[in-house]
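[1] model this:
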Amino acid sequence: NFDNAIRTVMTCAGCKEKKICFIFDESNVLESSFLERMNTLLADGEVPGLFEGDEFTALMHQVKESAQRCGLILDSEEELYKWFTGQVRRNLHVVFTMNPASPEFHNRAATSHALFNRCVLDWFGEWSAEALFQVGGEFTRNVDLENPSYVAPSFFPETSFPLPNPPAHRDAVV
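    Here you go, the predicted structure:
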């Protein structure tokens, strides 16, 4: 089950100091909770409620042994858990593959911020003109491209996506 897989991966990364690459494909997203768990894991290095009761006690024992092997003396569960989540963030790398043409892509981007803020996006395949324009707009958002005296040429190439008519200087540059 998914929770057991995440527990195992986190324990290896957080207690055994193993560098792990966890590959997660969008076809594995059987429930929205899967994506929520991955988002939280990327954002915080933890999944709340994943280790409870005896599992949490066993985890704290493993974390304490690991910290001692590293020459650290951590006594409280809070210190141990903080060190554990730091180790997870340092040692666990998540590869999440998804199709940007999928209708779910925009919903996932809007609701799962860590999947995009804490990840490197590698796009494979062809990009639409609209996607290229959006990326160009994002990369130049903080660049001063405003030119109040700009006058668009009488002929401006057509695009497959809507642009203001006439286009602003920023739109013309991007």
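[2] all contacts plus neighbour counts: C-alpha atoms, from now on.
    Fine.
[3] Next up, the contacts around residue 3.
    Residue 3 makes contacts with residue 50, as judged by CA atoms under 8 Å, 6 or more residues apart in numbering.
[4] Could you list which residues are in contact with the most centrally placed residue in the chain?
    The centre of the chain sits closest to residue 115, judged by CA atoms, centre = their mean, with a distance of 2.1 Å. Taking CA under 8 Å, 6+ apart, we find residue 115 in contact with 38-39, 42, 96, 109.
[5] residue ranges with poor pLDDT in the protein?
    Residues of the chain meeting the criterion pLDDT under 70: 101, 121-125.
[6] thinking again about what came up before, for the residue nearest to the centre of the chain, give me phi and psi.
    In terms of degrees, to the nearest 10, the main-chain angles of residue 115 are phi -60, psi -20.
[7] separation between it and residue 69?
    Distance, residue 115 to residue 69, by CA to CA, to the nearest Å: 32 Å.
[8] With residue 11 instead?
    15 Å.
[9] So these two - more neighbours on which side?
    Taking other CA atoms under 10 Å, residue 11 and residue 69 do not tie; residue 11 has more neighbours (20 against 10).
[10] so what's the more buried one up against?
    residue 59.
[11] From residue 22, how far off is it?
    The gap separating residue 11 from residue 22 is 13 Å, by CA to CA.
[12] Need the outlier residue of the chain, farthest from its centre.
    Relative to the centre of the chain, and counting by CA atoms, centre = their mean, the farthest-placed residue is residue 154 at 43.0 Å.
[13] That residue: what secondary structure?
    Taken by DSSP: H, G, I helix; E, B strand; the rest coil, the conformation at residue 154 corresponds to coil.
[14] could you measure it against residue 77, distance?
    69 Å.
[15] go on, residue 33?
    27 Å.
[16] So for these two, which residue has more residues nearby?
    residue 77 (15 against 10).
[17] which ones are touching the nearest residue to the more buried one once chain neighbours are set aside?
    Distances taken as CA to CA, 6 or more residues apart in numbering put residue 60 closest to residue 77, at 6.9 Å, once the chain neighbours are dropped. Shown in contact with residue 60 (CA under 8 Å, 6+ apart): 77, 80-81.
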